[in-house]
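Trainee: Sequence first, predicted model second:
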Amino acid sequence: MPTSSTYASAGYETGRSAAVDGNGFINPLMWKARVVAKTSAYTVLANDSGTIFTNQGATASVTLTLPAASASDGLVYWFYNCEDQNLIIASGTADLMTALNDVAADSVALQTTSLKVGGGFFVFGDGTNWHVMPMVYDTQTVTVVTS
């Protein structure tokens, strides 16, 4: 097992919490989101959690399907429409999405002509359902589909 002097010579602080310097100050931490462009249908994975998905470069509608709601506890995703193409976020399981006055939605979409670009969705799971918060301008329309 390394000794305290080994840690000190390697530049590590000993006896302190992570990200706390020798003076007791918290070092700035940097979080950098992963941004991924999808130009065709894609099934989102659990390990994609924290990713910002765009449809940049898409020349047709893009449907992104969420994982099973039963495995969604704590998962979060952002979806942002960069193109004048339909952006559809589909629940991996029918009727397990809450969105815009609907507790049993199947999908949400930005698909109204000329009102797509710049809108998006923040989606999080609680292990039972997917919850969708639209990020749209007042002139944009979110389409909610229920089977």
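Mentor: Okay, I see it.
Trainee: residue ranges of the strands in this structure, please?
Mentor: Secondary structure of the chain by DSSP state E: the strands cover 35-37, 42-43, 52-54, 62-65, 76-80, 87-90, 97-99, 102-105, 107-110, 120-125, 130-135, 142-145.
Trainee: Could you dump those into TSV and include mean neighbour count?
Mentor: All C-beta spots, glycine's among them, are computed from the backbone N, C-alpha and C. Formatted as TSV, the strands of the chain follow (neighbours: other Cβ atoms under 10 Å):
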stretch	mean neighbour count
strand 35-37	13
strand 42-43	13
strand 52-54	20
strand 62-65	20
strand 76-80	20
strand 87-90	23
strand 97-99	23
strand 102-105	16
strand 107-110	24
strand 120-125	21
strand 130-135	19
strand 142-145	16
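Trainee: List just the one of these that sits closest to F25.
Mentor: For those, the distance to F25 is smallest for strand 76-80, at 29.5 Å, taking Cβ to Cβ.
Trainee: and the closest one, which strands flank it?
Mentor: Strand 76-80 sits in its sheet next to strand 52-54 (parallel), strand 120-125 (antiparallel), going by DSSP bridges.
Trainee: quick check: angle from the longest one to strand 130-135?
Mentor: Right, the one you point to is strand 120-125. Strand 120-125 and strand 130-135 are oriented at 160 degrees to each other (axes from the mean of the first three to the mean of the last three Cα atoms, to 10 degrees).
Trainee: got the contact list for strand 120-125?
Mentor: Outside strand 120-125, the residues within contact range by Cβ atoms under 8 Å, 6 or more residues apart in numbering are 66, 69, 71-81, 87, 89, 108, 110, 130-136.
Trainee: And for the shortest one?
Mentor: Contacts made with strand 52-54 from outside it, assessed by Cβ under 8 Å, 6+ apart, are listed as 33-38, 42, 44, 64, 77-82.
Trainee: for the residues you listed, which one is nearest G119?
Mentor: Nearest to G119 among those: N81, at 5.2 Å, using Cβ to Cβ.
Trainee: wait, doesn't D84 sit right on G118?
Mentor: No: D84 is beyond contact range of G118, at 10.3 Å (criterion: Cβ atoms under 8 Å).
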